[in-house]
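Asker: Pasting a predicted model and its sequence here:
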Amino acid sequence: MTPHSVSVEIGGRTLTISTGKYAKQAGGAVFVQQDESITLVTATAGEARAGLDFFPLTAIYQDRTGSYGRIPGGFFKREGRPNERETLASRVIDRSIRPMFPKAFKAETQVIATVVSYDPSSDTDVLSAIGASAALHISNVPFDTVVATVRIVRVDGEYVINPSNDQIEASDIHIVVSGTSNAISMVEGGANEAAESDMLDALELAHTEIKKLIVAIEELRGLCGKEKIEVVAPAGAPDGFDDAIFAAGRAPLVAALATPGKHERKTVMKNSRNGVIAEVIASHAPGADDDTVASLTSFGKAAWGKLLKAVMREGVIETGTRMDGRKTDEIRAIWSEVGVSPRAHGSAMFTRGETQVYANIALGTDYDAQRMDFANAQDTRRSWLLSYFFPPFCTGEAYRMMGPKRREIGHGALAHRALIPMLPDPEDFPYVVRSTCDVLESNGSSSMATVCGSTLAMLNAGVPLKASVAGIAMGLIKEGDKFAVLSDILGDEDGMGDMDFKVTGTEKGITAFQMDVKITGVDREIMDAALEQARVGRIHILGEMAKTMSEPAEEMSDYAPRITTIMIKPDKIRDIIGPGGKNIRAIQEATGTRVKVDDSGRVEIASVGVEGSNAAEAMIREITQEAEIGKIYVGVVKSIMAFGIFVEIWPGTDGLVRNGDLANEYIDNPADIFGEGDTMVVRCTGVDDRGRISLSRKAALDEAAAF
């Protein structure tokens, strides 16, 4: 196989896609390189499988710690189950490429991205998404539309494409964007209260770079593309059968859609569908055998699905009425409450329509922070944690529960990202905060309800958020030149719409943004209208949340730890730690607290009760205090020398009282008058540059006599 490569300038740097040298038995394989980051991406399809009603696509992104010169931790010393970063990168690849396959293609397909070299100046997740499209396009796998991906951030008012980790850290807008040559198809990212217009500017610039990448991928296909697998469309229904379903089913379907309640509506629609299909089969194929009835029933269900989609979309476009009777910009009823759990440090229940999330907050100390071992981790420890759980009962189902699925990790990451800009500064609130969010009911965007519930729960816990954050899920119906934007979409509207996007933010601006587009031709006019309607909806939700709680609780839970912060001189740190940590362990054991000291001299004391915190602070101040010139101390004689007496003015700190300073008259032999262990009142008269303390009993006595 002849090696080929193409190069393109992206964000002012060269990006190269090459093939023909590695992994030659895969259906398609490419190396994608920018700077010193390299990923190997392969795309392979198996045999087509009959009877599947879904596309079995798997997208896998896998870091290799050796790619950045690190050996994995743990006993086994090898990579294990995908971590959060790998799962989120896999989702970006999947969401970018999945809509681009022929609908009739049902063969098992795998796209695997493996990091070969990791350079912090060019993150490999975006390179892998580019490689996925390129590997598919040059392979024999059917791939209708080429897609490409870039990351864009804004640093100091300037947009940067495929930035370094340092630029990402300094940015106030950070999004990953995928698109075709005609339109943007996927967005994932966040911002620090960005304006809607600024987000649109970022999307437009990202799309310009995407088009350049697509030209390069097409060029590579022209050099070495394989012949594509032929996709055979499944046999259709008999002539006139679908039309009969449409004619007989429209009136019962419209009536069924008017049924309030998700499950009630689902039941009525199912019964109506089954009745219509049975009626049409009886008239279309009287006396048919069981196999024919089964086949026609399958065709009937597919036709009913098409009819449902058409009726739903017609209603929205023509009358502005949705399947549950709401107007396009109407948000379902919202209610919430806080303090649900008396033992949690904070808790809240947030309900919007038939979506409900319970969030509880646990506050911890630095010892509870999550250790980060990702390739692109800016901080080694994470102090803000959010866990999202989607149990079967929330949709009225029962199935086997295992570990968190990709969807749960992705939805949790979106909610986690949404709240980051509004968290208090660690110096002001030195706690580790974890939000645990359980979806109790689901019918439309539980991730956005998670954002709202977590905000209320943190306020209930006394976390001083900079502002409250709310989220809303939006949809789009577009027919020709007409379009309608839907606020607070239902699950069914998500599946039958042309675009779904989730926006979180404060009253001032956007903090997180996720979008998937299913059609081409979503221009700036549509996006402007959609984001403005989302802004209005978000502010409405924030107003409803404020009725329950808008400011952090003045008092924290009795069960929450109290963290007291004091500053000491850095050269006193060793005194607190002690040899082998002896002193700090003794303080913690004696007071029941957790003590953390950093190199700046910042000391954090964590305790559930104030008594332990006060005791620990007193012990630390005693260890680290310094003698003050002119101050009177009551000390203990530690040793007697010919030239004076060493007096301990507090544990571990001695000063010298010379013979001439023991009394008004000179004492030639101090041992004749004083003994070890005697109490002595002294005054500090000086501290030299080596920290040696001079004391005077005579000065203390003179001061006492003056009173």
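Answerer: Perfect, I can see it now.

Asker: where along the stretch 501-650 of the chain do the helices fall?
Answerer: All helices of the stretch 501-650 of the chain, identified by DSSP state H, counting those that start in this stretch, fall at 524-546, 573-577, 582-591, 610-624.

Asker: which one of those lies closest to Phe143?
Answerer: For Phe143, the closest of these is helix 524-546, at 26.2 Å, according to CB to CB. From N, CA and C alone the C-beta is placed, and that goes for glycine too.

Asker: average model confidence for the closest one?
Answerer: Confidence for helix 524-546, expressed as mean pLDDT, is 93.

Asker: Show residues contacting it.
Answerer: Residues from elsewhere that reach helix 524-546 (CB atoms under 8 Å, 6 or more residues apart in numbering): 196, 199-200, 203-204, 329, 331, 334-336, 350, 352, 452, 455-456, 468, 470-472, 474, 476, 478, 483, 485, 487-488, 499, 501, 503-507.

Asker: Buried residues, that helix. List them.
Answerer: Buried positions in helix 524-546, judged by neighbour count with 16 or more other CB atoms under 10 Å: 526-527, 530-531, 533-535, 537-538, 540-542, 544-545.

Asker: Repeat that for stretch 294-308.
Answerer: Using 16+ other CB under 10 Å as the test for burial, stretch 294-308 gives Ser295, Leu296, Phe299, Gly300, Ala302, Ala303, Trp304, Leu307, Leu308.

Asker: Which of these fall within helices?
Answerer: Among those, DSSP state H puts Ser295, Leu296, Phe299, Gly300, Ala302, Ala303, Trp304, Leu307, Leu308 in helices.

Asker: ranges for the strands of the stretch 201-350 of the chain?
Answerer: 334-338, 346-352 (DSSP state E, counting those that start in this stretch).

Asker: Buried deepest among these, which one?
Answerer: Ranked by mean neighbour count, these are led by strand 346-352 with a mean of 26 (mean count of other CB atoms under 10 Å).

Asker: how distant is the very next helix or strand once past it from the center of its chain?
Answerer: Under the assignment DSSP states H and E, the closest C-terminal helix or strand after strand 346-352 is strand 355-364. Going by CA atoms, centre = their mean, to the nearest Å, the spacing between the C-alpha centre of strand 355-364 and its chain's C-alpha centre is 15 Å.

Asker: Can you tell me what sits against the helix or strand just after strand 355-364?
Answerer: Moving toward the C-terminus from strand 355-364, the first helix or strand encountered (DSSP H and E) is strand 370-371. Strand 370-371 is contacted from outside by Thr380, Arg381, Arg382, Ser383, Leu385, using CB under 8 Å, 6+ apart.

Asker: let's go with 6 Å and repeat that
Answerer: Strand 370-371 is contacted from outside by Arg381, Arg382, Leu385, using CB atoms under 6 Å, 6 or more residues apart in numbering.

Asker: That strand pairs with which strands, and in what direction?
Answerer: Pairing partners of strand 370-371, with direction, according to DSSP bridges: strand 381-382 (antiparallel).

Asker: before we move on, back to that, the strands of the stretch 201-350 of the chain into a markdown table, with extra columns for mean pLDDT and distance to Pro651?
Answerer: Formatted as a markdown table, the strands of the stretch 201-350 of the chain follow (pLDDT from 0 to 100; distance: least, CB to CB, whole Å):
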| stretch | mean pLDDT | distance to Pro651 |
| --- | --- | --- |
| strand 334-338 | 96 | 47 |
| strand 346-352 | 96 | 40 |
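
Asker: so how many other residues sit close to Glu188?
Answerer: By other CB atoms under 10 Å, 26 other residues sit near Glu188.

Asker: could you give the mean pLDDT of stretch 364-373?
Answerer: 82.

Asker: ugh, typo on my part, it should be stretch 439-450
Answerer: 93.

Asker: for it, the distance to its chain's centre please.
Answerer: 16 Å.

Asker: what does it contact?
Answerer: The contact list for stretch 439-450, computed with CB under 6 Å, 6+ apart, reads 262, 350, 352, 354-358, 388, 390, 394-395, 411, 414-415, 437, 471-473, 489-491, 502.

Asker: which other residues reach the helix or strand in which Glu408 is found?
Answerer: Glu408 belongs to helix 406-419 when assigned by DSSP H and E. Residues outside helix 406-419 that contact it (CB under 6 Å, 6+ apart): 87-88, 91, 190, 386, 388, 390, 447, 450-451, 469, 504, 511-512, 514.

Asker: Give me the buried subset of the residues you listed.
Answerer: 87-88, 91, 190, 386, 388, 390, 447, 450-451, 469, 504, 511-512, 514.

Asker: what are the bridge partners for Val32, then?
Answerer: Counting by DSSP bridges, Val32 forms beta bridges with Ile17, Thr39.

Asker: just use 682 as the starting number from now, easier for me
Answerer: With the count now opening at 682, the last piece we talked about shows up as Val713.

Asker: Would you check that it makes contact with Ala813?
Answerer: No - the criterion here is CB atoms under 6 Å, and Val713 misses it with Ala813 at 9.4 Å.

Asker: So between those two, which is more surrounded?
Answerer: Comparing Val713 with Ala813 by other CB under 10 Å, the one with more neighbours is Ala813, at 32 against 26.

Asker: what's the spacing between the more buried one and Ala969?
Answerer: The gap separating Ala813 from Ala969 is 45 Å, by CB to CB, to the nearest Å.

Asker: cool, and Cys1365?
Answerer: According to CB to CB, Cys1365 stands 107 Å off from Ala969.

Asker: out of those two, which sits in the busier spot?
Answerer: More crowded of Cys1365 and Ala969, by other CB under 10 Å: Cys1365, with 21 against 14.

Asker: Setting aside sequence neighbours, what's the nearest residue to that one?
Answerer: Nearest residue to Cys1365 in three dimensions, chain neighbours excluded: Ala1308, at 4.7 Å (CB to CB, 6 or more residues apart in numbering).

Asker: Run a quick neighbour tally on that neighbour.
Answerer: Neighbour count for Ala1308, taken as other CB under 10 Å: 20.

Asker: Please give me every residue in contact with it.
Answerer: With contact set as CB under 6 Å, 6+ apart, Ala1308 has these partners: Cys1365, Val1368, Ile1374.

Asker: wait, what's in contact with the first one?
Answerer: Spelled out, it's Cys1365. Contacts of Cys1365 (CB under 6 Å, 6+ apart): Ala1308, Ile1310, Lys1312.

Asker: try it again with 10 Å
Answerer: 1307-1314, 1330, 1336, 1374-1377, 1380-1381 (CB atoms under 10 Å, 6 or more residues apart in numbering).

Asker: Give me the buried subset of the residues you listed.
Answerer: Among the contacts of Cys1365, those classed as buried by neighbour count (16+ other CB under 10 Å) are Ala1308, Tyr1314, Ile1330, Gly1336, Ile1374, Ser1375, Leu1376, Ser1377, Ala1380, Ala1381.

Asker: can I assume Ile1326 is in contact with Phe1355?
Answerer: Yes - counting by CB atoms under 10 Å, Phe1355 is a contact partner of Ile1326 at 6.1 Å.

Asker: Understood, closing this out.
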